[in-house]
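**Student:** could you look at this predicted model? Sequence included:
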Amino acid sequence: MKIRIWTAGWLLLFAVGMVLPERVLAGADASPARPNIVWIFADDHAFQAIGAYGGRLQALNPTPNIDRLAREGMRFDRCYVANSICAPSRATLLTGKFSHMNGKLDNRDAFNHDQEQFQKILQKNGYQTVMVGKIHLNGKMQGFDYWDVLPGQGEYNDPAFVSEEGKTKSTGYVTDIITDKALDWLTNKRDPKKPFMLMIHQKAPHRTWIPNVQDMGRYEDVEIPEPANLFDDYATRTTAAHEQDMSIDKTMTMAGDLKIGEKYEVPGGQFAARNKWFKQHNPQGRDLVKWKYQTYMKDYLRCVWSVDESVGRVLQALKDLGLDDNTIVMYSSDQGFYLGEHGWFDKRFMYEESFRTPLLARWPGKIKPGSVNTNLAQNVDFAETFLDLAGAPIPDDMQGKSLVPLLKGKTPDDWRTSLYYHYYEYPGTHSVRRHEGVTGLRYKLIRFYGKNVPNNEEWEFYDIERDPSEMNNLYGNPEYASKVQELKKELDRLRQQYKVPEDPTDIKNPTENSGFAVSGGDLSKSGDGYRLVGNPLGYALKPLPENLKGQRELVFKTHVKTAKSGASNGLICFGDGSNPEDLVKCGIYAGPGEMIVLYGQFGGSEKDIIRQKAGLSRKPGYDVTVTVNLDSQTVCMDINGQTLTAPLRRPMQQIGFVGYNCNKTETWFSEIAMSGAKP
């Protein structure tokens, strides 16, 4: 009888298998003990702009699909980052290490892809690993079975992608394209017999906040609630808050950020109605700041909406493929972002809005629906969490903790009660001073240090429970003296635990105090100039001097001597940031005798190069003058009397960095002479 029952059972299963949809069977192939992992990662998505986190924007219902993750899973209310800036955050995501250990201190440093990363371990332990979208770490990705990523920051419309096969161009809106690529892999290229780690990294809502055209009507007739401290005067705060360059009032640009100007006035264009209104009303003073805030927030939230729609598409695809029950879906951002708080946009500071990042997770049968976690979590924990979910070994030198126990509703007795933070990129974009700090369950201590900090050190201390907006710096208040000392000791303890160098400024070694940061090559002093060797792509960059910031026309001059054989090139490069992919390079390509303007990098698409025959040779040196006009969005290059004028292509409203570039060669440059022609 038992034999018959088993036989009948198998026949029944076979019969069901004959009629079940293929997608259901595919989902059933993966072992329940080995969950699939879908990691959705936005860029600069503030927790304040997620409905599930409440706050002043919740009534706008900005993220119904992301909110579903909280409703059906867990919301982390105290998840933070180790260094609130794009590329370093992503390096920490992959390595499970703080910036000083993985070598990616800021957006300018090169990332060492050869070091251990969690996806390499997953791959060795039977997982399919996939990365699609923005990673912001130049170089060939490692440890992914399939990767297709944006070069540098990427573009919102018709973006380029880089993969194992090289560089390609896509047509459409970046959020949709990234989602399409990810779902194409999930549906058509995945091995249904193996578990997978799918990383979907969106560009949105990163500056300059260009929405999908179809979403321009959203929020059009809505008044976005303002933060109470939109007009913060930074009383009680230290030099860093007073001298930052990230305010909506002064830093946010009319053209690049808010799309006001002749190029956006085309009748019927995406921003035509906005330009018409602005011309008619011409707001000034506080009214202008309020208008800038409203305009910025609406574009930002429209970009967020595209990401939320993507999350909905992913969740639906998992259900359609029968994968949703055995897949953990996690949503986060590379860091938080200021949505007008303190009068700011951007990130970088250790204040809550940029230090804290959203984290939500849905894992049917494992995470209790609607649960909220208030333990201290950090992005240094993510790599360990992925490995733990997969049952893969976690290297001893990773510096975080697996969040899996928290996801299952069980907080270990020895769970941390403090977190360490360190921001390095100064001098740099937005002029936020270097600082490190510690946050506990209630109090936070921040130490600003180094260049342009009075006495080389300033402190801030906050009671987060009583002052969640961090408006009242209590450092020096005798009532909190014992708490300050307690956190100073904890800061020292964390620095020892995480092996932070005694003098973090020693991590980077600019050439002989020249101020240049070097990547992809070697820079050495040579006579009254510098010799740059590209291995293969050499960059030497320095921040634009403070006295030239705000200039609408800038002139850079240098003398270039190229190598007498080989590639023989030398270019001045500049940009609003320091990512090599986003720099504009102008100069000599002596091999073919050309003047060139290069928008990407050597070896990229021919579409990224403007060439002009100029009869240049390898033997003599040349005077190169580059004039950048931010009003006309053009660059004009003069080499020994021959000129080449070209558009900037990517909107650029300020110059943050300037320097040298060469490819697979050795080039001598004189010190760059810089001047401003227009205030």
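**Tutor:** In hand now; what should we look at?

**Student:** pick out the residue nearest the middle of the protein.
**Tutor:** Cys86 (2.7 Å; C-alpha atoms, centre = their mean).

**Student:** where does it land on pLDDT?
**Tutor:** Listed pLDDT for Cys86 reads 95.

**Student:** got the contact list for it?
**Tutor:** Asp43, Asp44, Asn107, His136, His206, Asp334, Gln335 (C-beta atoms under 8 Å, 6 or more residues apart in numbering). Backbone N, C-alpha and C define where each C-beta goes, glycine included.

**Student:** the stretch 551-679 of the chain: strands as residue ranges?
**Tutor:** Per DSSP state E, counting those that start in this stretch, the stretch 551-679 of the chain carries strands over the ranges 553-561, 569-575, 584-589, 594-598, 609-613, 622-629, 634-639, 642-647, 657-663, 666-670, 673-678.

**Student:** no, scratch that, I was asking about the stretch 351-500 of the chain
**Tutor:** 359-362, 371-373, 377-378, 419-423, 435-439, 443-449, 457-463.

**Student:** looking at those, which is closest to Gln633?
**Tutor:** Of all the strands of the stretch 351-500 of the chain, strand 419-423 sits nearest to Gln633, with 30.9 Å by C-beta to C-beta.

**Student:** span of stretch 206-223 from start to end?
**Tutor:** Start-to-end span of stretch 206-223 (C-alpha to C-alpha, to the nearest Å) is 22 Å.

**Student:** quick one: buried residues of it?
**Tutor:** His206, Arg207, Thr208, Trp209, Ile210, Pro211, Asn212, Asp215, Met216, Tyr219 (16 or more other C-beta atoms under 10 Å).

**Student:** same deal with stretch 379-391?
**Tutor:** For stretch 379-391, the neighbour count (16+ other C-beta under 10 Å) marks Asn379, Val380, Asp381, Phe382, Ala383, Glu384, Thr385, Phe386, Leu387, Asp388, Leu389, Ala390 as buried.

**Student:** which of those residues sits closest to Tyr462?
**Tutor:** Of the buried residues of stretch 379-391, the one sitting nearest to Tyr462 (C-beta to C-beta) turns out to be Asn379, at 21.3 Å.

**Student:** wait, Tyr475 sits on Glu460?
**Tutor:** Yes. Counting by C-beta atoms under 8 Å, Glu460 is a contact partner of Tyr475 at 5.5 Å.

**Student:** which residues are in contact with each of the two?
**Tutor:** When contacts are counted by C-beta under 8 Å, 6+ apart, the set common to Tyr475 and Glu460 consists of Leu445.

**Student:** between the two, point out the one with more neighbours.
**Tutor:** The neighbour comparison of Tyr475 against Glu460 (other C-beta atoms under 10 Å) goes to Glu460, with 24 against 17.

**Student:** residues touching that one, list them.
**Tutor:** Counted by C-beta under 8 Å, 6+ apart, Glu460 has contacts Arg237, Thr238, Leu445, Ile446, Phe448, Asn473, Tyr475.

**Student:** repeat that with 6 Å
**Tutor:** Listed by C-beta atoms under 6 Å, 6 or more residues apart in numbering, the contact set of Glu460 reads Thr238, Ile446, Asn473, Tyr475.

**Student:** can I get those in CSV including pLDDT and distance to Glu72?
**Tutor:** Shown next, in CSV, are the contacts of Glu460 (pLDDT from 0 to 100; distance: C-beta to C-beta, whole Å):
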residue, pLDDT, distance to Glu72
Thr238, 98, 43
Ile446, 98, 36
Asn473, 98, 40
Tyr475, 98, 43
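
**Student:** just the buried ones from the residues you listed, in PyMOL syntax?
**Tutor:** Here is the PyMOL selection string for the buried members of the contacts of Glu460, based on 16+ other C-beta under 10 Å:
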select buried, resi 238+446+473+475
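
**Student:** Glu165: which of the contacts of Glu460 is nearest?
**Tutor:** The closest of those, once distances to Glu165 are taken by C-beta to C-beta, is Ile446, at 45.5 Å.

**Student:** ok, and the closest non-adjacent residue to the closest one?
**Tutor:** Gly437 (3.9 Å; C-beta to C-beta, 6 or more residues apart in numbering).

**Student:** for Pro64, same thing?
**Tutor:** Distances taken as C-beta to C-beta, 6+ apart place Asp308 nearest to Pro64, at 6.6 Å, with adjacent residues excluded.

**Student:** show me the contacts for the one you found.
**Tutor:** Thr63, Asn65, Ile66.

**Student:** what mean pLDDT would you report for the helix or strand that contains it?
**Tutor:** Per DSSP states H and E: Asp308 is located in helix 285-320. Averaging pLDDT along helix 285-320 gives 98.

**Student:** state the next helix or strand along the chain beyond that helix.
**Tutor:** Counting by DSSP H and E, what follows helix 285-320 is strand 327-333.

**Student:** secondary structure element for Phe278?
**Tutor:** Going by DSSP H and E, Phe278 is in helix 272-281.

**Student:** which positions in that helix come out as buried?
**Tutor:** Buried residues in helix 272-281 (16+ other C-beta under 10 Å): Arg274, Asn275, Phe278.

**Student:** for Ala590, state which of those residues is nearest.
**Tutor:** Asn275 (44.0 Å).

**Student:** identify the residue nearest that closest one in space, chain neighbours excluded?
**Tutor:** Asn275 sits nearest to Glu265 (C-beta to C-beta, 6+ apart), 4.6 Å away.

**Student:** tally up the residues packed near the one you found, please.
**Tutor:** Around Glu265 there are 16 residues (other C-beta under 10 Å).

**Student:** begin at 8 from now on, thanks
**Tutor:** OK, 8 is where the count begins now, so the last one is Glu272.

**Student:** correct me, but it touches Arg281?
**Tutor:** No. The pair Glu272 / Arg281 is not scored as a contact, 9.4 Å apart, by C-beta atoms under 6 Å.
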